[in-house]
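In: I would like the atomic coordinates for the input below:
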Amino acid sequence: MTSTARHPAPGARQAHPDHLSHVVFITAAAAMGGFLFGYDSAVINGAVEAIRDRYDVGSGTLAQVIAIALIGCAVGAATAGRLADRIGRIRVMQIAAVLFTASAVGSALPFALWDLALWRVVGGLAIGMASVIGPAYIAEVAPAAYRGRLGSFQQAAIVIGIAVSQLVNWAILNGADGRQRGEILGLEAWQWMLGVEVLPAVLYGLLSFAIPESPRFLLSVGRRERAREVLAEVEGRGVDLDARVAEIEQAMHREHRSTFRDLLGGRFGLLPIVWIGIGLSVFQQLVGINVAFYYSATLWQSVGVDPSSSFLYSFTTSIINIVGTVIAMVLVDRVGRRPLALVGSAGMALALACEAWAFSAELVDGRLPETQGVVALVAAHAFVLFFALSWGVVVWVLLGEMFPNRIRAAALGVAASAQWLANWLITATFPSLAEWDLSGTYVIYTVFAVLSIPFVLRFVKETKGKALEEMG
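Out: The predicted structure is shown next:
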């Protein structure tokens with residue numbers, strides 16, 4: 001998908017919509033895709049042990065069923081941009097909403113394990129599409145004066161979606177008397193956990209009919225008058241609409257569609273800046289953050305915590321994730337990207353090391369000793385907090401800023417693909433690694449957190465306060 005113009009005219013830069021609340025509604029409706037991104041990604045946490053029990057599968061097979069959604073994510077993200085340029089941003093949102101709905105229903109009513117895996121891929125396609133179309137659409141409709149704040153809706157929606165999924169899982173588990181396979185109205189609790197997603201998915205689809213198409217897409221297909229109407233709607237009628245239309249059209253003509261070939265060069269095949277982007281994406285995942293969102297309930301139950309409490313801990317971890325994300329959003333433009341990343345790396349390394357120590361203890365009656373149990377619980381929450389206030393936000397900010405204009409789109413695509421691949425690696429290997437040695441698994445994540453510190457110090461440049469044209 002083509003990027004938005006980088007140099008808004010003076011009038012556009014100061015544009016204030018006549019009805020800001022309407023613009024906020026449009027942004028929030030688009031950000032519902034981010035909510036579903038977070039919800040769908042994390043809701044499986046509550047069903048892992050029930051799926052293992054119902055289909056009697058080992059850790060390796062179970063991990064593949066959980067991780068297979070990430071294949072769909074990669075495909076959805078790779079195709080969403082080009083599809084949106086052909087049929088429009090709103091149509092892609094509607095397709096994603098249909099896929100989210102189908103995945104929720106199919107995952108709740110599987111007749112076999114392979115069937116469940118198939119619906120996981122369908123949900124992954126929707127996640128991938130939502131991860132691309134939401135930020136792009138918001139950037140294209142938001143007035144320049146509010147673009148940064150409105151753009152943050154997507155990340156906020158993702159972490160809220162994660163938290164809500166854990167709260168819903170916890171409520172359903174309590175409704176089933178604490179049993180993941182307990183029945184509620186003829187279905188097992190885990191089926192309800194996966195099926196409830198149909199409600200926000202349908203809402204997302206309905207909201208997509210209530211918001212306008214992107215002015216940029218409208219101009220690309222020759223609908224200039226409708227584009228003027230939308231610009232007046234979101235930027236205010238005091239704006240010189242003819243100048244804004246001309247400005248967007250000129251920016252579209254100037255843009256260079258970067259390709260993978262533009263990234264080639266240097267001693268190791270790709271340009272050094274591209275490798276740095278890949279490194280940021282990979283380190284973000286190799287510290288094991290998605291273990292906290294995909295497997296936390298299973299993790300706590302493996303060390304003797306009862307299911308209800310384990311689900312509650314998953315929810316409180318998600319609340320900490322929201323708090324950390326808000327902190328990052330407040331500080332990233334004040335403190336800078338590098339300092340936040342370094343503080344986060346140090347904090348994550350310490351928290352993960354504490355978890356590794358706690359999980360090394362011998363279980364007593366199937367539970368961690370009291371001291372180690374408290375340390376593990378506090379360290380798990382500290383780990384998520386330090387991740388959320390640093391790498392969770394900073395990496396996406398850096399990836400959007402650090403590449404030169406001529407390669408930005410292609411380089412960001414490669415870095416995002418590396419992130420999905422690393423995410424899949426961690427998600428697919430955790431159950432088997434945990435069976436091998438839970439403490440050793442956390443030692444591995446600790447090592448990656450420690451290694452991220454010299455990586456940032458040596459290779460990552462601060463982008464705070466710099467124009468995009470200065471990058472590279």
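In: Quick check: residue 50 touching residue 192?
Out: No - counting by Cβ atoms under 8 Å, residue 50 does not reach residue 192; the two are 10.8 Å apart. Any C-beta I mention is one placed from the backbone N, CA and C, and that applies to glycine too.
In: quick one, helices of the stretch 351-472 of the chain?
Out: 370-388, 391-401, 408-459 (DSSP state H, counting those that start in this stretch).
In: could I get those helices as a markdown table with distance to residue 294, mean neighbour count and mean pLDDT?
Out: A markdown table is the format used below for the helices of the stretch 351-472 of the chain (distance: least, Cβ to Cβ, whole Å; neighbours: other Cβ atoms under 10 Å; pLDDT from 0 to 100):
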| stretch | distance to residue 294 | mean neighbour count | mean pLDDT |
| --- | --- | --- | --- |
| helix 370-388 | 13 | 20 | 93 |
| helix 391-401 | 15 | 22 | 83 |
| helix 408-459 | 6 | 19 | 89 |
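In: Distance to residue 335 for the ones you listed - can I get that in JSON lines?
Out: Output for these, formatted as JSON lines (distance: least, Cβ to Cβ, whole Å):
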{"stretch": "helix 370-388", "distance to residue 335": "14"}
{"stretch": "helix 391-401", "distance to residue 335": "10"}
{"stretch": "helix 408-459", "distance to residue 335": "14"}
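In: Count the residues that sit near the spatially closest residue to residue 333 that is not a sequence neighbour.
Out: Take residue 333 and drop its neighbours on the chain: the residue closest to it by Cβ to Cβ, 6 or more residues apart in numbering is residue 464, 6.6 Å away. Using other Cβ atoms under 10 Å, residue 464 has 15 other residues around it.
In: For residue 464, give me the pLDDT.
Out: We have a pLDDT of 74 for residue 464.
In: any idea how far residue 416 is from residue 438?
Out: 30 Å (Cβ to Cβ, to the nearest Å).
In: Residue 306 now?
Out: From residue 306 to residue 416 the distance is 38 Å (Cβ to Cβ).
In: before we move on, what about residue 150?
Out: 21 Å.
In: still on that earlier bit, now for the residue nearest to residue 333: which residues touch it?
Out: Shown in contact with residue 464 (Cβ atoms under 8 Å, 6 or more residues apart in numbering): 332-333, 336-337.
In: how about 7 Å then?
Out: Applying Cβ atoms under 7 Å, 6 or more residues apart in numbering, we find residue 464 in contact with 333, 336-337.
In: and if you look at residue 289?
Out: Residue 289 neighbours (Cβ under 7 Å, 6+ apart): residue 387.
In: ok, back up a step: can you tell me which of the contacts of residue 464 end up in strands?
Out: Residues of those located in strands (DSSP state E): none.
In: As a markdown table, those residues with distance to residue 200 and neighbour count would be great.
Out: A markdown table is the format used below for the contacts of residue 464 (distance: Cβ to Cβ, whole Å; neighbours: other Cβ atoms under 10 Å):
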| residue | distance to residue 200 | neighbour count |
| --- | --- | --- |
| 333 | 30 | 12 |
| 336 | 35 | 16 |
| 337 | 32 | 24 |
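In: nearest to residue 272, of these?
Out: residue 337 (18.0 Å; Cβ to Cβ).
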